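Undergrad: Give me coordinates for this.
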Amino acid sequence: MTQSLTFDIFIEHPRDDTNEYVYDESAHAVRLAGVTRVSALALADRGSVVGSATPLGEPLPAWLLSDLPLSPNTVVAARAVGALEYAQREPIERIVVAVPVADPQYARVYAFNDLPGPHRAALQRLIEDSARWHDAAFAEEMVHLARQRARLAQVEQRNRERDRPAWHAGSEFNYVEQLARETALHTQAEAALFTVPYRFQSYLRLCLESNERIIFWVFRPRFAISRIARMGGKKFRDGLLVITDQQCLWMVDPVTSTVAVEGGYGYTARTIPLEWVTDAALEEKSDYVALRVVSVNRVGARSDFQIEFPPAARSDLAQVVRLLCAFAPRPDDRRLRRIGSPQPAKIQLDDPMERDHAQTAAVVEELQTALAAQLNGETIFAQAFLPSWSEGGAKLLTITDHRIILTASRARQPIVLDLDNFVAAEICYSVLGSWFRIESSDAKPLEIPLPITTFKGFNACWRMLRRLGIRAYTSRAMPQPSSSE
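TA: Residues are numbered from 1 along each chain as shown. Predicted structure coming up:
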């Protein structure tokens with residue numbers, strides 16, 4: 001006899017009255033939990049093949065033939081002896097008929113004729129009434145296909161989960177239950193992200209990489225500083241400070257809305273690679289708290305950035321300071337550092353507002369030709385295209401492994417910034433006016449107004465600058481200890 005396929009069956013309904021058992025951990029023994037009563041005797045214990053799926057996505061049904069009924073919720077190793085098919089039903093129903101491997105009385109049962117007389121007679125009545133019998137080979141093929149279908153469904157589910165950003169807990173996330181677990185797929189910061197205004201949750205999709213993990217965040221509600229004695233005050237808009245495993249990100253509403261707007265007007269975002277952070281501190285003011293973040297780029301150019309918060313955020317900001325200072329370099333620092341390996345972003349250089357794509361292609365080709373004269377064997381990592389109808393005419397922003405190049409039409413001289421001198425980048429995405437701003441230590445800030453239809457390409461450039469900053473960190477000189485240390 002050839003080796004038969006063995007598979008597990010999960011018993012759901014016993015064929016006769018039976019006891020139910022559970023394992024009592026405190027007693028280290030099996031305890032009687034109850035008794036299952038059935039209204040009428042059945043031919044077999046009914047259940048399903050473990051790890052299987054029918055075309056409808058349900059487990060493959062199975063009947064287990066034995067001498068004694070089995071307790072519900074029991075898993076039994078089984079061997080198929082055949083299958084019943086009800087072709088007159090819609091959809092066609094197929095049931096695997098099996099025997100338990102552990103029962104020696106069924107050791108030689110491999111087919112219909114091997115079954116004991118009572119089982120054979122009961123099955124025969126079903127076959128004569130409405131069912132069709134298939135042999136063991138057919139049943140094994142059913143089990144094989146059903147288990148394969150289930151595995152493919154699991155892979156597809158994992159792929160769908162992989163498409164979701166790692167930092168995104170999802171709308172179905174149960175925050176309370178997750179916090180009660182010892183291990184969690186998401187951090188507490190990620191789990192609680194649903195509490196911030198929805199527009200900021202949406203904006204994060206444009207600002208974070210899919211593999212980033214959120215460590216901590218602080219939401220800043222709209223507030224004002226009162227300065228009556230000095231005739232005037234200052235208003236601050238809603239904002240969200242996010243610390244991830246890759247960056248310190250500050251997002252703020254670009255304008256203060258006078259009415260509630262569901263989708264928001266957009267956002268302004270500034271990113272600081274964690275590898276650049278050298279210091280963070282809180283400054284106590286009379287009516288607000290200021291978070292100051294100091295960063296230093298590859299060549300030592302320093303940048304100070306300050307964010308104001310209401311006094312109630314003091315404890316959360318203290319945690320932000322501790323986190324950022326943990327990433328800051330130390331004298332004679334030998335900690336392992338991430339080495340960035342950015343890949344070129346593939347952005348289609350086109351104008352979605354232009355019907356004549358051939359004309360747009362001609363403008364892009366002209367700009368690419370002008371750019372080629374500037375390149376010196378450099379790798380292009382990201383590009384963004386400004387159409388001819390935008391402010392100042394057609395332009396092409398290019399990020400290479402060494403430089404930032406803004407090429408314009410009409411034979412203008414390109415604007416070139418050394419990537420080593422790049423200090424900071426901000427981007428504004430707003431229906432009221434978008435822009436991209438690059439700060440450099442050896443030149444005036446480069447600010448590019450842009451139509452919202454071109455935002456995708458400029459957002460790719462903004463994110464790429466941070467990735468390249470991470471890559472360049474390994475060659476940055478570590479600060480030396482002072483003589484007093």
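Undergrad: only C-alpha atoms for contact and neighbour calcs from this point on.
TA: Will do.
Undergrad: Helices of this protein, residue ranges please.
TA: Along the chain, counting by DSSP state H, helices occupy 117-129, 136-163, 175-179, 188-191, 198-207, 314-327, 357-372, 455-472.
Undergrad: Now do the second one: which elements does it pack against?
TA: For helix 136-163, the contact count by 3 or more C-alpha pairs under 8 Å, 6 or more residues apart in numbering; DSSP states H and E identifies strand 75-86, strand 93-100 as packing neighbours.
Undergrad: tell me which helix or strand of this protein sits lowest on mean pLDDT?
TA: Least confident element among the helices and strands of the chain, by mean pLDDT, DSSP states H and E: helix 175-179 (a mean of 55).
Undergrad: Need the pLDDT of I339.
TA: Per-residue pLDDT puts I339 at 69.
Undergrad: Sorry, slip of the keys, the one I care about is F219.
TA: For F219, the pLDDT comes out at 96.
Undergrad: Tell me who's in contact with the closest residue in space to it that isn't next to it in sequence.
TA: Residue nearest to F219 in three dimensions, not counting chain neighbours: L240, with 4.5 Å by C-alpha to C-alpha, 6 or more residues apart in numbering. Contact analysis of L240 by C-alpha atoms under 8 Å, 6 or more residues apart in numbering lists F200, W217, V218, F219, R220, W250, M251, V252.
Undergrad: rerun at 6 Å
TA: With contact taken as C-alpha atoms under 6 Å, 6 or more residues apart in numbering, L240 is in contact with V218, F219, R220, W250, M251.
Undergrad: Show the pLDDT at it.
TA: 97.
Undergrad: Tell me the spacing between T54 and A98.
TA: 18 Å (C-alpha to C-alpha, to the nearest Å).
Undergrad: ok, those two, which is more surrounded?
TA: Neighbour totals were compared for T54 and A98, and A98 leads with 28 against 18 (other C-alpha atoms under 10 Å).
Undergrad: Run through the bridge partners of that one.
TA: Beta bridges link A98 to L64, A80 when assigned by DSSP bridges.
Undergrad: Surely it and P61 touch.
TA: No. Using C-alpha atoms under 6 Å, A98 is not in contact with P61; the gap is 10.9 Å.
Undergrad: Where does the prediction get shaky in this protein?
TA: Along the chain, the parts satisfying pLDDT under 70 run over 1-3, 17, 37-41, 157-163, 170-184, 227-233, 256-264, 339-340, 410-411, 471-485.
Undergrad: So which residue of it lies furthest out from the middle?
TA: Distance to the chain centre peaks in the chain at G117, reaching 57.6 Å (criterion: C-alpha atoms, centre = their mean).
Undergrad: how about the residue nearest the centre of the chain, phi and psi?
TA: Compute the mean C-alpha point of the chain, and by C-alpha atoms, centre = their mean the closest residue is P165, 1.7 Å away. Backbone torsions for P165, taken as degrees, to the nearest 10, come to phi -60, psi 150.
Undergrad: surely it meets S210?
TA: Yes. Between P165 and S210 there is a contact at 4.3 Å, judged by C-alpha under 6 Å.
Undergrad: Find the residues that touch each one of the two.
TA: Common contacts of P165 and S210 (C-alpha under 6 Å, 6+ apart): none found.
Undergrad: Quickly note the distance from the residue farthest from the centre of the chain to D67.
TA: Going from G117 to D67 by C-alpha to C-alpha gives 12 Å.
Undergrad: and if you look at F219?
TA: 66 Å.
Undergrad: between the two, who's got more neighbours?
TA: Between F219 and D67, counting by other C-alpha under 10 Å, F219 is the more crowded of the two (21 against 11).
Undergrad: List the contacts of V294.
TA: Counting by C-alpha under 6 Å, 6+ apart, V294 makes contact with V277, T278, D279, S303, D304.
Undergrad: Tell me which of the residues you listed fall in strands.
TA: V277, T278, D279, S303, D304 (DSSP state E).
Undergrad: Of the residues you listed, which is the most crowded?
TA: V277 (23 neighbours).
Undergrad: How about it: what's its closest non-neighbour residue?
TA: S295 is the one closest to V277 (C-alpha to C-alpha, 6+ apart), at 4.3 Å.
Undergrad: How much space separates that neighbour from E354?
TA: S295 is 41 Å from E354, by C-alpha to C-alpha.
Undergrad: And K395, by the same measure?
TA: Separation of K395 from E354 (C-alpha to C-alpha) stands at 15 Å.
Undergrad: Those two: which has the busier surroundings?
TA: Using other C-alpha under 10 Å, the more surrounded residue of K395 and E354 is K395, with 23 against 13.
Undergrad: could you check the distance from the nearest residue to that one once chain neighbours are set aside over to L397?
TA: Distance criterion C-alpha to C-alpha, 6+ apart; nearest residue to K395, sequence neighbours excluded, is A408 at 4.4 Å. Using C-alpha to C-alpha, A408 is found at 9 Å from L397.
Undergrad: Could you do F219 as well?
TA: The value you get for F219 to L397, if C-alpha to C-alpha is used, is 33 Å.
Undergrad: What of L60?
TA: 57 Å.
Undergrad: before we move on, what about V255?
TA: To L397, V255 is 26 Å away according to C-alpha to C-alpha.
Undergrad: So for the two, which sits in the more crowded spot?
TA: Counted by other C-alpha under 10 Å, V255 and L397 do not tie: L397 has more neighbours, with 24 against 16.
Undergrad: The more buried one contacts L406, correct?
TA: Yes. Taking contacts as C-alpha under 6 Å, L397 lies within contact range of L406: 4.5 Å.
Undergrad: Mark out where each domain of this structure begins and ends.
TA: As assigned by automatic domain parsing, the chain contains the domains 6-152, 195-327, 357-474.
Undergrad: Same list (those) but as CSV, adding distance to I347.
TA: CSV is the format used below for these (distance: least, C-alpha to C-alpha, whole Å):
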stretch, distance to I347
domain 6-152, 32
domain 195-327, 15
domain 357-474, 6
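Undergrad: Need the distance between the two termini of stretch 438-448.
TA: 9 Å.
Undergrad: Could you check how far that stretch is from the centre of its chain?
TA: Centre-to-centre, stretch 438-448 and its host chain are 33 Å apart (C-alpha atoms, centre = their mean, to the nearest Å).
Undergrad: and what of stretch 187-196?
TA: For stretch 187-196, the separation from the chain centroid amounts to 14 Å (computed by C-alpha atoms, centre = their mean).
Undergrad: what about it, how long is it end to end?
TA: Terminal residues of stretch 187-196 lie 16 Å apart, using C-alpha to C-alpha.
Undergrad: re earlier: quick check: which of the helices and strands packed on helix 136-163 is nearest to L5?
TA: strand 75-86 (6.3 Å; C-alpha to C-alpha).
Undergrad: And for the closest one, what's in contact with it?
TA: 6-10, 92-101, 110-111, 131-136, 139.
Undergrad: Just want the angle from that strand to helix 117-129.
TA: 30 degrees (axes from the mean of the first three to the mean of the last three C-alpha atoms, to 10 degrees).
Undergrad: Run the angle between strand 75-86 and strand 93-100 for me.
TA: Going by the same axes, to 10 degrees, strand 75-86 makes 140 degrees with strand 93-100.
Undergrad: For strand 75-86, buried residues please.
TA: Within strand 75-86, the residues that count as buried by 16 or more other C-alpha atoms under 10 Å are V75, V76, A77, A78, R79, A80, V81, G82, A83, L84, E85, Y86.
Undergrad: Over to stretch 186-202?
TA: In stretch 186-202, the ones that count as buried by 16+ other C-alpha under 10 Å are 186-194, 196-197, 199-200.
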